[in-house]
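Chemist: This is a predicted model, with the sequence first.
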Amino acid sequence: MTEENGFNYSILASGSTGNVTYIETSERKILVDAGLSGKKIEGLMNEIGRSLSDVDSLLVTHEHKDHVAGLGVLARKYKMDLYANEQTWQAIGESCGKIDTAQKHVFEMGKMLTFGDMDVESFGVSHDAAAPQFYKFMKDGKSFVMLTDTGYVSDRMRGTIENADAYLMESNHDVEILRMGNYPWRLKQRILSDHGHLSNEDGASTALSVIGKQTKKILLGHRSQENNLKELAHMTMENTLMQHDIDAQNDVVVLDTSHVEASPLYHI
């Protein structure tokens, strides 16, 4: 059961192959993205003792396949309400099959919507999609921020997301592993660009610039299976925090996420 104060969240999957996050309060059950097959998402929900049949809302960040692969299947099977901005809906088009228009709602970039007892604020990011946006979840003075799929972090973004209790922070790639790897040069340029993804160092620098006295957890997200190592991403974040006198073992805990295994259900 969800405690009355605060809320629970689990990173069901995070990585280049698929992304899904689950958030719950005593009143609402929300997914962010559906970047895996419906069957896989069902299995990940079962891992944390939850059911997709209880989910009432699904928020979409952008139209890339690793974020919407299962969107149509979940919409048709579970009849949940779906939220994205207008440009993202246009970009998705018919790629996810037929979705009942009554289930499709517009969540404008830079706006706040209330879902039962939780407020959710959207904010734009810099990525090569139509109008990519991520979300800040707020309840009882507590907040959780999701920030992946961005090539850089602007001052405006920092102002929106500062001093959250927990972050899902992108640590997509190690720059040298990416440069030396087998990806085509054009793809490497895309990932490294301002419309690509945050490197381990970029993610750590961003975390350092936004964490505050409330911050207790940083979860490392959207890690590339080809261009990164879990241990390297983790070490980069911890070392950056400790170099600035932040105790990464006790004050702000750094946690890994997986593209195949759900995280525990954390409480804020």
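Modeler: Yep, it's here.
Chemist: how far away is the nearest residue to Val60 once chain neighbours are set aside from Ala131?
Modeler: Counting by CB to CB, 6 or more residues apart in numbering, Val60 lies nearest to Ala84, which is 3.8 Å off, once chain neighbours are set aside. Every residue, glycine included, has its C-beta placed from N, CA and C. Applying CB to CB, to the nearest Å, the value for Ala84 to Ala131 is 9 Å.
Chemist: and what of Leu229?
Modeler: For Leu229 relative to Ala131 (CB to CB), the value is 32 Å.
Chemist: Now do Glu162 against Asn239, distance only.
Modeler: 22 Å.
Chemist: higher neighbour count, those two?
Modeler: In terms of neighbours (other CB atoms under 10 Å), Glu162 is the more surrounded of Glu162 and Asn239; the figures are 15 against 12.
Chemist: Next up, phi/psi of the more buried one, please.
Modeler: phi -70, psi 150 (degrees, to the nearest 10).
Chemist: Please look at Ser10 and Thr21 and confirm they touch.
Modeler: Yes: between Ser10 and Thr21 a contact is recorded at 7.2 Å, counting by CB atoms under 8 Å.
Chemist: The two: who's more crowded?
Modeler: Thr21 (28 against 22).
Chemist: could you show me where the strands are in the stretch 151-268 of the chain, in order?
Modeler: Ranges of strands within the stretch 151-268 of the chain are 166-170, 217-221, 253-256, 266-267, based on DSSP state E, counting those that start in this stretch.
Chemist: if we can go back for a sec, between Ala84 and Ala131, which has more neighbouring residues?
Modeler: Neighbours were counted for Ala84 and for Ala131 using other CB under 10 Å; Ala84 has more, 27 against 19.
Chemist: Quick check: the more buried one touching Val106?
Modeler: Yes: here Ala84 reaches Val106: they are 7.4 Å apart, a contact under CB under 8 Å.
Chemist: Can you give the contact residues for stretch 36-44?
Modeler: With contacts defined as CB atoms under 8 Å, 6 or more residues apart in numbering, stretch 36-44 is touched by 12-13, 17-18, 20, 31, 34, 52, 69-70, 73-74, 77, 261-262.
Chemist: and the two most separated of those?
Modeler: Checked with CB to CB, these reach their widest spread between Lys77 and Glu261, with 23.2 Å between them.
Chemist: circling back to that earlier point, closest one to Asn5 among the strands of the stretch 151-268 of the chain?
Modeler: Closest of the strands of the stretch 151-268 of the chain to Asn5 is strand 266-267, at 9.4 Å (criterion: CB to CB).
Chemist: Which other helices and strands does that closest one contact?
Modeler: Applying 3 or more CB pairs under 8 Å, 6 or more residues apart in numbering; DSSP states H and E, we find strand 266-267 packed against strand 8-13.
Chemist: continuing past the strand it packs on, what's the next helix or strand?
Modeler: strand 20-24 (DSSP states H and E).
Chemist: Which is the succeeding secondary structure element to that following strand?
Modeler: Past strand 20-24, the next helix or strand by DSSP H and E is strand 29-32.
Chemist: Partner strands of that following strand, with direction?
Modeler: strand 20-24 (antiparallel), strand 57-59 (parallel) (DSSP bridges).
Chemist: could those go into JSON lines alongside mean pLDDT and distance to Asn250?
Modeler: JSON lines is the format used below for the strands paired with strand 29-32 (pLDDT from 0 to 100; distance: least, CB to CB, whole Å):
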{"stretch": "strand 20-24", "mean pLDDT": "98", "distance to Asn250": "25"}
{"stretch": "strand 57-59", "mean pLDDT": "98", "distance to Asn250": "32"}
